[in-house]
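Asker: Provide a 3D model corresponding to the input given below.
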Amino acid sequence: MSNSDRPTRRETPQLLRGGALLLLCFLATWGLDARAATRAEVSSAALTLDTTEDVYDLSAKVNLSLPDDARKGIEAGLTLRLTYQIELYRVRRYMPDAAIADLEQVSELSYHALSQRYLVRNLNTGEQQDFGTLQSALEALGDLRGLPVIDADLVEKGPDYEARLRAIIDLSTTPDALKWLLFWSDDWSATSEWYSWPLRP
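Answerer: Presented below is the predicted three-dimensional model:
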């Protein structure tokens with residue numbers, strides 16, 4: 001009887017290892033597909049002088065898209081964080097460009113199951129909006145208007161300046177119960193290319 005037990009004991013761990021390997025391969029492939037579908041692209045941006053406040057304000061359009069699994073994750077409790085990184089440099093011909101301004105604008109998008117509304121909160125100002133659909137919330141996140149960037153008296157007339165902007169999507173802020181899902185999906189994160197344009201006071 002002991003002889004008949006030995007093959008079973010040896011085969012069981014091998015079967016478990018084989019099944020676990022197949023599961024890992026499936027989850028890894030699924031996560032790669034989800035990551036590849038996450039998009040953040042800056043399509044336009046401009047700095048304009050607000051003469052009443054004497055401040056340069058940023059307006060920009062950013063296209064954001066999420067895969068279906070990430071959208072379902074938000075409905076299940078994940079929080080999407082969107083960070084805008086804004087930089088302004090004075091262009092110098094024979095020396096490295098001089099940094100004039102460097103700031104971040106951070107917002108979070110989450111789903112409120114009780115009201116069935118999508119909440120967008122600006123972490124810099126505390127302002128909050130709610131939307132009936134995820135798509136409308138994403139469009140609002142990607143529409144920057146009148147964001148103060150730098151006081152006009154810090155931008156001298158004469159030198160050339162260059163501004164640049166990029167967007168970072170991150171779904172890693174999540175309850176512990178969902179962290180296993182993000183491990184395999186690589187957080188469904190994405191970072192846009194830098195969008196650069198000249199500024200001439």
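Asker: In the protein, spot the strand with the most residues.
Answerer: Of all the segments assigned as strand in the chain under DSSP state E, the longest by residue count is strand 98-112.
Asker: Just the buried positions in that one, please.
Answerer: By 16 or more other C-beta atoms under 10 Å, the buried positions in strand 98-112 come out as 100-101, 105, 107-111. For every residue, glycine as well, the C-beta is placed using N, CA and C.
Asker: helices and strands around it, which ones?
Answerer: helix 68-76, strand 79-90, strand 117-122, helix 134-141, strand 143-151 (3 or more C-beta pairs under 8 Å, 6 or more residues apart in numbering; DSSP states H and E).
Asker: pLDDT for the buried residues of strand 98-112 - can I get that in CSV?
Answerer: Output for these, formatted as CSV (pLDDT from 0 to 100):
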residue, pLDDT
I100, 91
A101, 91
Q105, 96
S107, 97
E108, 96
L109, 97
S110, 95
Y111, 95
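Asker: of those residues, closest to L64?
Answerer: The nearest member of the buried residues of strand 98-112 to L64, counting by C-beta to C-beta, is L109 at 9.5 Å.
Asker: If we only consider the buried residues of strand 98-112, which is nearest to L154?
Answerer: Lowest distance from L154 to these (C-beta to C-beta) belongs to I100, with 6.5 Å.
Asker: residue contacts, the closest one?
Answerer: 88-90, 150, 154-155, 161 (C-beta atoms under 8 Å, 6 or more residues apart in numbering).
Asker: Verify the contact between A60 and V149 for me.
Answerer: No - contact between A60 and V149 fails when scored by C-beta atoms under 8 Å: they sit 10.7 Å apart.
Asker: In contact with the residue with the shortest distance to the centre of the chain, which residues?
Answerer: In the chain, the residue lying closest to the centroid (C-alpha atoms, centre = their mean) is I169, at 0.8 Å. Neighbouring residues of I169 by C-beta under 8 Å, 6+ apart: 38, 40, 64, 66, 80-82, 188-191.
Asker: Kindly report the same for Y111.
Answerer: By C-beta under 8 Å, 6+ apart, the contact list for Y111 reads 74-75, 77, 117-119, 134.
Asker: Quick one: low-confidence residue ranges for the chain.
Answerer: Along the chain, the model assigns pLDDT under 70 to residues 1-36, 172-187.
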